[in-house]
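K.L.:
model this:
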Amino acid sequence: MIWLYRKRLLDVKSMTLQNILYLLPFSVFHNKLISLKKTIKSLAFPCLLFSLIFSCRYVDAQTITGAWKGKIKNTRLELKLIRSGDSLTGTSYYYESKNNFRRYTVKGYFDPLSNEVIWWDEMLVTDNASGMFARNLAPDALLSTADFNCPGEDKMLLDGTASLRDNKEIEKGNVQLQKTETSLFTDEWDFVIENYTVGANDPYIIDSISNIAFLQPQAPEPKKSLASVPETTRPVMSKSVIAPERKEFESPRLTVEQKFIARKKTLATVIPVTGDSIELRFYDNAEIDGDSIALFMNNVLVFKNIRLTDQAYTIKLATSSLENDNELVMVAENLGSIPPNTSLMVAIVGDKRYEARLQSTENSSALIRFIKQGDPRQ
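P.N.:
Numbers count the residues shown, from 1 in each chain. The predicted structure is shown next:
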């Protein structure tokens with residue numbers, strides 16, 4: 001009997017699966033069917049998960065690069081992001097209409113493994129806000145963190161939250177943006193977005209356009225009236241001027257904690273944090289002139305009396321001791337002999353190196369935000 005089944009299977013090579021199963025004894029067929037159903041059930045979820053992961057998580061630079069439209073709370077936003085390596089640059093428009101808007105330059109980071117996006121308004125370049133829109137929307141720069149996700153084949157979203165760029169405690173609402181093929185505002189980034197896959201993703205091109213976008217417009221110099229120009233000039237006798245004695249900029253009674261509270265915090269940069277620890281190195285960024293600084297992490301004094309030289313002052317922080325969003329503030333304890341107090345900070349995070357030039361004065365302190373990135377293994 002077994003020989004007969006084998007012979008019939010060998011003779012009919014083109015036989016369908018249904019016909020082959022028909023030749024098997026019913027018990028064998030039933031067992032095969034049950035095994036097949038179990039295999040299909042066991043593979044269904046992994047296959048679905050696999051398709052979702054590879055359709056969205058492992059995306060290339062082309063998908064995050066582009067124009068995004070939506071809202072931050074009740075304020076309409078058009079955001080243009082261009083990726084170069086792990087960094088993002090671009091522009092943001094907060095608007096009521098095409099003629100009623102504020103435009104900022106944008107910087108940020110994108111992690112393709114965790115799909116997390118961080119961007120912040122770097123510089124206000126155009127303020128065309130008017131009417132109720134101008135009164136209701138203060139010209140405050142924002143910092144946003146969002147998760148990049150694509151629930152559908154042709155639908156890409158950025159969902160997250162926003163806060164004031166220079167103060168994480170002041171939340172500005174939820175971020176809800178969707179990628180779009182159409183843009184309400186035209187600018188220098190449209191060329192890069194439209195030609196990103198055919199050569200415009202070159203870092204040289206992106207940096208060149210970024211330099212143009214970040215260039216602040218300068219007011220034209222007033223023209224001199226010909227009538228005001230004297231026909232002849234007379235020599236002026238120079239007098240020796242004794243420079244006044246330099247005074248300390250701060251009252252000695254003011255503690256470093258009081259300086260921290262009294263001075264405005266101004267964002268210098270944002271650094272994404274991954275791994276187990278981060279290493280920070282501080283140098284004097286100019287001539288060695290006796291600059292001294294103190295560091296506050298999340299409103300707590302952690303280091304003081306740091307004298308800046310050409311040799312690195314190094315500190316290490318365990319990421320487990322940090323919050324998801326952290327503020328490091330550099331307070332000038334003095335201005336040295338050549339104001340202002342300047343520092344070069346080098347941050348080593350995993351295998352990445354970040355640099356920031358920090359400046360603190362008697363009125364302001366430099367702020368760096370460290371934001372944890374999600375672990376893709378979780």
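K.L.:
For the one residue sitting closest to the centre of the chain, give me the pLDDT.
P.N.:
In the chain, the centroid-proximal residue (CA atoms, centre = their mean) is residue 108; its distance is 2.2 Å. pLDDT, residue 108: 95.
K.L.:
can you give me the helices for the protein?
P.N.:
Taking DSSP state H to define them, one finds helices in the chain at 2-11, 17-23, 26-52, 61-64, 131-136, 189-194, 203-213, 256-262.
K.L.:
How about the top strand by length along the chain, which residues are buried there?
P.N.:
In terms of residue count, the longest strand belonging to the chain (DSSP state E) is strand 167-180. In terms of neighbour count (16 or more other CB atoms under 10 Å), strand 167-180 has its buried residues at 168, 172, 175, 176, 177, 179. In this view, the C-beta of every residue, glycine as well, is placed from N, C-alpha and C.
K.L.:
One more: stretch 298-315?
P.N.:
By neighbour count on 16+ other CB under 10 Å, the buried set for stretch 298-315 is 306, 307, 308, 313.
K.L.:
can you check stretch 259-276 too?
P.N.:
By 16+ other CB under 10 Å, the buried positions in stretch 259-276 come out as 259-260, 263, 265-274.
K.L.:
mind showing which ranges of the protein have poor pLDDT?
P.N.:
Filtered on pLDDT under 70, the chain yields the residue ranges 1-62, 214-252, 374-378.
K.L.:
any idea how far residue 322 is from residue 353?
P.N.:
Distance of residue 322 to residue 353, computed by CB to CB, to the nearest Å: 19 Å.
K.L.:
more neighbours, these two?
P.N.:
Ranked by neighbour count (other CB atoms under 10 Å), residue 322 and residue 353 place residue 322 first, with 18 against 11.
K.L.:
list the contacts for the more buried one?
P.N.:
Applying CB atoms under 8 Å, 6 or more residues apart in numbering, we find residue 322 in contact with 273, 370, 372.
K.L.:
Quick check: the first one touching residue 368?
P.N.:
No. Counting by CB atoms under 8 Å, residue 273 stays clear of residue 368, with 11.1 Å between them.
K.L.:
Identify the residues contacting residue 88.
P.N.:
Neighbouring residues of residue 88 by CB under 8 Å, 6+ apart: 64, 81, 82, 106, 107, 108, 109, 110, 117, 119.
K.L.:
Would you quantify the distance from it to residue 213?
P.N.:
Distance, residue 88 to residue 213, using CB to CB: 13 Å.
K.L.:
now residue 64
P.N.:
For residue 64, the distance to residue 213 equals 18 Å [CB to CB].
K.L.:
Equivalent analysis for residue 156, please.
P.N.:
Residue 156 sits 23 Å away from residue 213, going by CB to CB.
K.L.:
Repeat that for residue 203.
P.N.:
Relative to residue 213, residue 203 is positioned 15 Å away (CB to CB).
K.L.:
which of those two has more neighbours?
P.N.:
When residue 203 and residue 213 are compared for neighbours, residue 213 comes out ahead with 21 against 11, by other CB under 10 Å.
K.L.:
Does that one touch residue 191 like I think?
P.N.:
No. Assessed by CB under 8 Å, residue 213 is found out of contact with residue 191, at 11.7 Å.
K.L.:
quick one, what contacts the residue lying closest to residue 124 once chain neighbours are set aside?
P.N.:
Spatially, and ignoring its direct neighbours in sequence, residue 124 is nearest to residue 104 (5.5 Å; CB to CB, 6 or more residues apart in numbering). Going by CB under 8 Å, 6+ apart, residue 104 touches 91, 92, 94, 121, 122, 123, 124, 125, 141.
K.L.:
which residues touch the first one?
P.N.:
Residue 91 makes contact with 79, 80, 103, 104, 105, 106, 125, 187, 189, 213 under the criterion CB under 8 Å, 6+ apart.
K.L.:
Quick one: the strands in the stretch 101-250 of the chain, in order.
P.N.:
Taking DSSP state E, counting those that start in this stretch, the strands of the stretch 101-250 of the chain run over residues 116-127, 142-152, 155-164, 167-180.
K.L.:
and the last one, what other elements does it pack with?
P.N.:
Read that as strand 167-180. When contacts are defined as 3 or more CB pairs under 8 Å, 6 or more residues apart in numbering; DSSP states H and E, strand 167-180 packs onto strand 66-72, strand 142-152, strand 155-164.
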